[in-house]
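> sequence below, structure please.
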Amino acid sequence: MMTRQILIRASLLALALFRPAAADAQTIAERYRATTDRIIAAALGDSAAYERVAFLADRFGHRLSGSASLEHALDWIIDEMTRDGLQNVRGEPVMVPRWVRGRESAALVEPRPLELRMLGLGGSIATPAEGITARVLVVDSFDDLAARQMEARGKIVLFDVPFTSYGATVQYRSRGAIEAAKLGAVAVLIRSVASNSMRNPHTGAMQYDTAVARIPAAALSVEDAAMLHRMHDRGDRVVVTLKMEAMTHPDALSRNVVGELLGREKPEEIVVLGGHIDSWDVGQGAMDDAGGSLAAWEVLRVLKRIGLRPRRTIRVVLWTNEENGLRGANAYRDAHAAELPNHVLAMESDGGVFAPQGFSFDGTDEAMTMVAGIATLLDSIGATRIRAGGAGADVGPLTAAGVPGLGLQVDGTRYFWYHHSEADTMDKLDPREVAQCVAAMAVMAYVIADMPETLPRRAPR
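Residues are numbered from 1 along each chain as shown. Model (predicted):
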């Protein structure tokens with residue numbers, strides 16, 4: 001009987017603790033409905049964000065860390081933010097890696113000659129000038145490679161692993177060269193990490209281990225990897241020549257770009273939002289992540305245009321070097337270490353600016369309940385879902401320090417069709433969907449920057 005009474009009291013206490021948070025979330029939504037309807041209408045009222053993404057993509061193209069195109073794009077952004085009337089616009093210095101692809105090719109030699117569609121993986125070393133010509137060993141997992149380890153020495157190992165999810169499949173891009181080199185392979189190829197393909201290979205970062213020999217690494221198109229796999233399974237002698245001139249140069253100076261809308265009462269408290277402005281050196285980097293970066297920037301322009309100035313400061317940060325180093329995210333954390341206790345939210349968009357569905361949230365359960373209440377204000381654009389999970393790579397250093405984090409979640413059906421490939425171009429984006437992403441982030445940023453209370457924090461990890 002005593003145990004039952006204790007359980008009942010505990011349940012009542014839990015309900016008492018939950019009800020205020022739920023009630024507070026409902027009150028916040030009711031308090032801000034009229035204002036956030038104005039924000040949404042303003043965000044959807046023009047296609048300014050889309051037009052700016054198009055200008056950036058068309059004028060500057062891809063923006064790999066260390067490239068002149070990235071730095072020219074940053075100069076333009078700083079000038080435009082200043083013209084927008086944002087406050088404290090600046091570039092904060094960051095040293096970034098500089099990897100240059102150079103000329104590259106992959107060609108099938110046996111059982112018939114054929115040029116293969118390939119892209120070297122970011123960070124790979126070069127082949128010898130004459131290339132590497134070797135037989136191909138095709139495997140479909142790390143376990144399959146281990147089972148056939150006696151066959152790997154002197155071969156080019158091809159990981160032909162079908163896409164299931166990014167998290168599950170990307171490990172072959174990241175670790176493939178390490179695992180193949182352990183067994184004496186001379187190079188590694190992977191099936192592109194892509195959910196669909198029109199013979200467009202997808203690049204991305206790879207890793208080396210200082211305890212293992214470094215070997216060249218490249219991605220093949222889905223179609224070419226599957227063809228080599230079929231040939232291999234028939235017992236054909238599959239021979240490929242791989243040529244790569246890739247080179248890693250000394251680190252280069254780049255910048256995170258920062259602009260602000262200063263708070264009217266508590267300017268020292270900060271809501272930060274943004275995306276990463278660098279991209280891979282193929283396509284235009286329109287979807288990944290010019291769209292997310294410029295949508296975050298547009299949030300401040302929309303609020304300024306309709307005369308809304310929240311209690312706290314909203315700071316947009318366009319982080320550099322997300323794709324092959326996260327130097328920008330780490331540099332921001334370090335440069336603003338003294339301010340981190342005053343960061344009340346960190347939000348990013350790095351999943352494409354397709355139709356928004358809601359946000360992922362990194363923080364306490366109580367804070368998540370409050371965020372879910374605010375998300376009800378986005379019912380008109382269908383972006384009300386809140387799920388627990390990582391908020392994103394660039395805000396990761398901030399959420400690790402205890403800052404609540406949000407990551408914009410969109411319809412990702414097509415994202416991995418284009419990701420890290422020549423197909424990431426402006427035509428994949430829709431003006432209405434970009435504007436809806438602006439609206440979703442603007443509502444979240446404004447309400448959390450303006451409401452009297454702040455989201456509860458958790459202890460640093």
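> got phi/psi on Asn324?
phi -130, psi 50 (degrees, to the nearest 10).
> quick one: it and Ser67 touch, right?
No - when contacts are counted by CB atoms under 8 Å, Asn324 is not listed as touching Ser67 (11.5 Å). Yep, even glycine has a C-beta here, placed from its N, CA and C like the rest.
> check the closest residue to Gly358 other than its chain neighbours and give its pLDDT.
In space, and not counting its chain neighbours, Gly358 is closest to Arg385: 3.1 Å by CB to CB, 6 or more residues apart in numbering. Here the pLDDT value assigned to Arg385 is 98.
> quick one: contacts for Arg385?
Gln357, Gly358, Phe359, Ala375, Gln409 (CB atoms under 8 Å, 6 or more residues apart in numbering).
> and what of Val53?
Val53 neighbours (CB under 8 Å, 6+ apart): Ala286, Ala290, Gly291, Leu294, Val353, Met426, Leu429, Val434.
> swap in Ala286?
Val53, Ala54, Ala57, Asp424, Thr425, Met426, Lys428, Leu429.
> next, give me the two most distant ones among those residues.
Ala54 and Asp424 (13.5 Å; CB to CB).
> between the two, point out the one with more neighbours.
Asp424 (29 against 21; other CB atoms under 10 Å).
> mind checking pLDDT for that one?
98.
> distance of it from Ala194?
Asp424 sits 11 Å away from Ala194, going by CB to CB, to the nearest Å.
> do Ile374 as well
35 Å.
> quick one: the helices in the chain, in order.
2-44, 48-60, 68-83, 142-147, 166-182, 222-233, 291-305, 327-335, 365-375, 396-400, 415-418, 431-450 (DSSP state H).
> list the buried ones in the fifth one?
Meaning helix 166-182. Within helix 166-182, the residues scored as buried using 16 or more other CB atoms under 10 Å are 166, 169-170, 172-182.
> show me which of the contacts of Arg385 is closest to Asn342.
After measuring the contacts of Arg385 against Asn342 - CB to CB - the closest member comes out as Phe359, at 21.8 Å.
> and the pLDDT at that closest one?
Looking at Phe359, the pLDDT reads 98.
> and for it, nearest residue in space, chain neighbours not counted?
Leaving out its chain neighbours, the residue that sits closest to Phe359 by CB to CB, 6+ apart is Leu406, at 4.6 Å.
> can you check Trp297 too?
Trp297 sits nearest to Val316 (CB to CB, 6+ apart), 5.2 Å away.
> next one: Trp99
Counting by CB to CB, 6+ apart, the residue nearest Trp99 is Thr248, at 5.1 Å.
> count of neighbours near the one you found?
Neighbours around Thr248, by other CB under 10 Å: 15.
> ok, now Arg234?
By other CB under 10 Å, neighbour count at Arg234 equals 9.
> quick one: contacts for the spatially most central residue of the chain?
Centre of the chain computed as the mean C-alpha position; nearest residue by CA atoms, centre = their mean is Asp350, 3.8 Å away. Contacts here follow CB under 8 Å, 6+ apart; on that basis Asp350 touches Gly275, His276, Asp288, Asp289, Gly292, Glu322, Gly392, Ala393, Asp394, Gly407.
> okay, and the helix or strand of the chain with the least pLDDT?
Here the helix or strand of the chain ranked lowest by mean pLDDT, DSSP states H and E is helix 2-44, holding a mean of 66.
> what residues sit buried inside stretch 39-50?
Ile39, Ile40, Ala42, Ala43, Leu44, Ala48, Ala49, Tyr50.
> what does that stretch contact?
With CB under 8 Å, 6+ apart as the criterion, stretch 39-50 contacts 294-295, 297-298, 301-303, 305-306, 308, 378, 380-381, 429-432, 434-439, 442-443, 446.
> check the offset of it from the chain's centre.
23 Å (CA atoms, centre = their mean, to the nearest Å).
> below-threshold pLDDT in this protein: ranges please.
1-26 (pLDDT under 70).
> dump the buried residues of helix 166-182 to CSV, plus distance to Pro452.
Formatted as CSV, these follow (distance: CB to CB, whole Å):
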residue, distance to Pro452
Tyr166, 39
Thr169, 45
Val170, 42
Tyr172, 49
Arg173, 46
Ser174, 44
Arg175, 48
Gly176, 51
Ala177, 53
Ile178, 51
Glu179, 53
Ala180, 57
Ala181, 57
Lys182, 57
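> out of the contacts of Asp350, who's nearest Val138?
Asp288 (28.9 Å).
> that closest one: how many residues sit nearby?
Neighbours around Asp288, by other CB under 10 Å: 26.
> how close does it sit to Trp280?
Relative to Trp280, and taking CB to CB, Asp288 is found at 8 Å.
> identify the contacts common to these two.
Joint contacts of Asp288 and Trp280 (CB under 8 Å, 6+ apart) are His420, Asp424.
> what about Thr210, how many neighbours?
Around Thr210 there are 5 residues (other CB under 10 Å).
> should've said Thr369
Thr369, neighbours per other CB under 10 Å, totals 17.
> same question, Val89
19.
> contacting residues for it?
Val89 touches Ile78, Met81, Thr82, Val257, Val258, Gly259, Glu260, counting by CB under 8 Å, 6+ apart.
> of the residues you listed, which is the nearest to Leu398?
Distances from Leu398 to those, taken by CB to CB, are shortest for Val258, at 14.0 Å.
> isn't the closest one up against Trp319?
No - between Val258 and Trp319 there is no contact, the gap being 9.9 Å when judged by CB under 8 Å.
> neighbour-wise, which of the two wins?
Taking other CB under 10 Å, Val258 and Trp319 do not tie; Trp319 has more neighbours (31 against 23).
> and that one, what are its bridge partners?
His276 (DSSP bridges).
> pull the contacting residues for it.
Trp319 neighbours (CB under 8 Å, 6+ apart): Asn256, Gly274, Gly275, His276, Ile277, Asp278, Gly328, Ala329, Tyr332, Asp394.
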